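> heads up, no residue letters with this:
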């Protein structure tokens, strides 16, 4: 069986001696080069402008999933609206409920009396109380 040539282990290893098949000088003849290295020019991340203002870290927080009031008509009369019951009836996924949360928005009409335990918009709260429910 023919053994693999061990690079960089001297002249007796079967693969050259001091340059070990890498040619002469240059960055490729030396150690590892980071993936983000751009050949010594100013890196892309430093060429871009700073994101300034209050909104700077806003994209780090996921926004809640918006569910309109009209979709709550799928739930049974008198039920408590929580993240778990919305997952049970297929209005949101379990991952969305855990990571982002839910907010009820005011689009559409509500025909059922429900007790809502999740955050709601002002318009949604008005429609829920008009239907006989509570927030």
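Yep, that arrived. Predicted model, so just to flag it, every value in this text is computed and none were measured.
> and the gap between the residue lying closest to residue 84 once chain neighbours are set aside and residue 17?
Once flanking residues are discounted, residue 84 sits nearest to residue 97: 7.4 Å by Cβ to Cβ, 6 or more residues apart in numbering. In short, each C-beta sits where N, CA and C put it, glycine included. According to Cβ to Cβ, to the nearest Å, residue 97 stands 63 Å off from residue 17.
> break this protein down into its domains, please.
1-48, 60-130 (automatic domain parsing).
> packing partners of the helix or strand bottoming out on mean pLDDT in the chain?
Ranked by mean pLDDT, DSSP states H and E, the weakest helix or strand in the chain is helix 94-99, scoring a mean of 84. Helix 94-99 is packed against helix 83-88, with contacts defined by 3 or more Cβ pairs under 8 Å, 6 or more residues apart in numbering; DSSP states H and E.
> report the buried residues of the helix it packs on.
For helix 83-88, a neighbour-count test (16 or more other Cβ atoms under 10 Å) marks 83, 85-87 as buried.
> on that earlier part again, off-centre distance for the least confident helix or strand of the chain?
Chain-centre distance of helix 94-99: 12 Å, with Cα atoms, centre = their mean, to the nearest Å.
> just the strands in the chain please.
65-68, 80-81, 102-105, 115-116 (DSSP state E).
> JSON lines for the ones you listed, including mean neighbour count and mean pLDDT?
Putting the strands of the chain into JSON lines (neighbours: other Cβ atoms under 10 Å; pLDDT from 0 to 100) gives the following:
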{"stretch": "strand 65-68", "mean neighbour count": "16", "mean pLDDT": "91"}
{"stretch": "strand 80-81", "mean neighbour count": "18", "mean pLDDT": "90"}
{"stretch": "strand 102-105", "mean neighbour count": "20", "mean pLDDT": "92"}
{"stretch": "strand 115-116", "mean neighbour count": "17", "mean pLDDT": "92"}
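> having no further points to raise, I will conclude here.
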